[in-house]
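Participant: Let me see the structure of the following:
(one chain, ligands or ions: 1)
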Amino acid sequence: MVDLILKKRRAQALSAAETEWWVNAFVRGEVPDYQASAMLMAICFSGMSSEETVALTLAMAHSGACIDLAEVGVAVDKHSTGGVGDSTTLVCAPLAAACGARVAKISGRGLGHTGGTVDKLESIPGFNAALSPDEFVKAIKRAGLAITGPSAELVPADKMLYALRDVTATVDCIPLIASSIMSKKIAAGAGAIVLDVKVGNGAIMPDIDRAILLAEQMVAIGQGAGRETVALLSDMDQPLGLSVGNSLDIAEAIRILRGEESGPLLELSLLLAAEMLAVTGIAHTQREGLSRVKDAVANGTALAAFRAMVEAQGGDPQVVENPSLLPAAPRRETVCALEAGWLLRCDTVAIGQAAVLLGAGRTRKEDPIDPSAGIVLLRRPGDRVEAGEPLAVLHAGEETNMQEAAALLLRSLHFGPAPPVARPLVQGRVTASATERFVE
Ligand code: URA
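Facilitator: Residues are numbered from 1 along each chain as shown. Next up, the predicted model:
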């Protein structure tokens, strides 16, 4: 291990066999934490070639169990690098499934300012987001899509390495982020992967240049591992949906799938679902995919796919017709504007943190959450607001101190005398053959 750390420190490339050796030895407990930490730091300073990043990802992916999805044909997975008010999975997965895709999605729980799809789905009474691999395959065959949480057997190397990165200032390293995310996608078994790489103040990559580098590395890893992979770069300078919570987000997704609401959450979900159809070959082009997924909203098949997923995973499907069956917070408080002006931008991290204060998220992995808590925003950047007008409604339990969350939310909204310059929702697209950039 000393020789390998030295090699990496000198910016020489490790062979696939060397990478596989140290990752496996670390997982077996034969390489101690301090040597693995030194290797991570050497990678941060020296970087890794594309071949090395693929080798690291595959070594991590194969460090535990891998799900076999051969029975369901070419399944597609979708991954977001994490956002606020980001319920795209809840919308794009049923959209793609309604058009014939087999969607196999492993999602996470919320931590810090970002929400998690598993927490949102578990707010549906009875919903099981802890499927065994067999149950996962059965649910996909039955409903066309399944969304479950990560199991302890998948990618142990990532859990162990991430715990070291967290305490050695090595989280913020593009090849390590790319291999961490992609190892989990590869172990989850889908043959095609659509990535949503967030750009903006609430994203792990706030600026477009680094976000593109991350997207390029993840796409190269996916292709290198034999998975058709494409990435969209999407704006995270404002929450995508207007709800930031759990049951609130499920209700919002249902309204969108019913065709009752539009906005950036629907727009991005349509684009991601169109990519899901294109990477699986169900649509010949992304454009054809877009027209098909729009039809799936209009003709009700996307809503039916969401209902089928809820039913296949033990949830109460009647929430689709009757969202009042979802947990509802006993207290609501409206937050009003202190001044008049144009809403210029939102600090999405602070909005996510305000939702955590209300009980909708957690600061430590083991914290409980309140499924009914959260924020419903009433305004978006670009809106004109008069002093005293409602900006948002906070939802919380009886015991929650809402004042701190209200103050944080108010500080997160920035007003000015003139309308802001609009930013495109999708700022780039990365495929194996090209990187397109839609902003400077
Ligand atoms: N998400 C992951 O899964 N891993 C990282 O390293 C960063 C974000």
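Participant: which non-adjacent residue is nearest A418?
Facilitator: W342 (6.2 Å; CB to CB, 6 or more residues apart in numbering). Just so you know, the C-beta spots here come from the backbone N, C-alpha and C atoms, and that holds for glycine as well.
Participant: Give the buried residues for stretch 137-153.
Facilitator: Under the neighbour-count criterion of 16 or more other CB atoms under 10 Å, stretch 137-153 has 137-140, 143-151 buried.
Participant: So which of those is the closest to D209?
Facilitator: Among the buried residues of stretch 137-153, P150 lies closest to D209 (CB to CB), at 30.1 Å.
Participant: That closest one touches G116, doesn't it?
Facilitator: No. Using CB atoms under 8 Å, P150 is not in contact with G116, being 10.4 Å away.
Participant: if I look at the two, which residues touch both of them?
Facilitator: G108 (CB atoms under 8 Å, 6 or more residues apart in numbering).
Participant: How about the secondary structure of the residue in the chain positioned nearest to the ligand?
Facilitator: Nearest residue of the chain to the ligand: S180, at 3.4 Å (CB to the nearest ligand atom). Following DSSP: H, G, I helix; E, B strand; the rest coil, the label given to S180 is helix.
Participant: what about it, neighbour count?
Facilitator: Residues near S180, counting by other CB atoms under 10 Å, number 21.
Participant: show me the contacts for it.
Facilitator: 60, 158, 161-162.
Participant: what ranges do the strands span in the stretch 101-250 of the chain?
Facilitator: Residue ranges of the strands in the stretch 101-250 of the chain, as given by DSSP state E, counting those that start in this stretch, are 102-106, 145-148, 192-199, 228-235, 243-245.
Participant: thinking again about what came up before, go through the contacts of S180 and name the one nearest L90.
Facilitator: D158 (24.4 Å).
Participant: I'd say the closest one and I186 touch.
Facilitator: No. Contact between D158 and I186 fails when scored by CB under 8 Å: they sit 10.9 Å apart.
Participant: quick one: strands adjacent to whichever strand or helix holds the residue nearest to A418?
Facilitator: Per DSSP states H and E: W342 is located in strand 341-346. Sheet pairing for strand 341-346, assigned by DSSP bridges, gives strand 384-385 (antiparallel), strand 413-416 (antiparallel).
Participant: Off-centre distance for the next helix or strand after it?
Facilitator: Proceeding N to C from strand 341-346, the next assigned helix or strand is helix 348-358, under DSSP H and E. Remark: helix 348-358 is offset 17 Å from the chain centroid, using CA atoms, centre = their mean, to the nearest Å.
Participant: Now helix 348-358: buried residues?
Facilitator: Buried-residue list, helix 348-358, by 16+ other CB under 10 Å: 348-358.
Participant: Return the residues in contact with the residue nearest to Q313 when sequence neighbours are not counted.
Facilitator: Nearest non-adjacent residue to Q313, counting by CB to CB, 6+ apart: N128, 5.1 Å away. Applying CB under 8 Å, 6+ apart to N128 gives the contacts 135, 313-315.
Participant: Also I147?
Facilitator: 89, 93, 103, 105-107, 117-118, 121, 129, 309, 313.
Participant: again, only this time at 10 Å
Facilitator: I147 makes contacts with 78, 89-90, 93-94, 103-107, 117-118, 120-121, 127, 129, 131, 136, 139-140, 309, 313, as judged by CB atoms under 10 Å, 6 or more residues apart in numbering.
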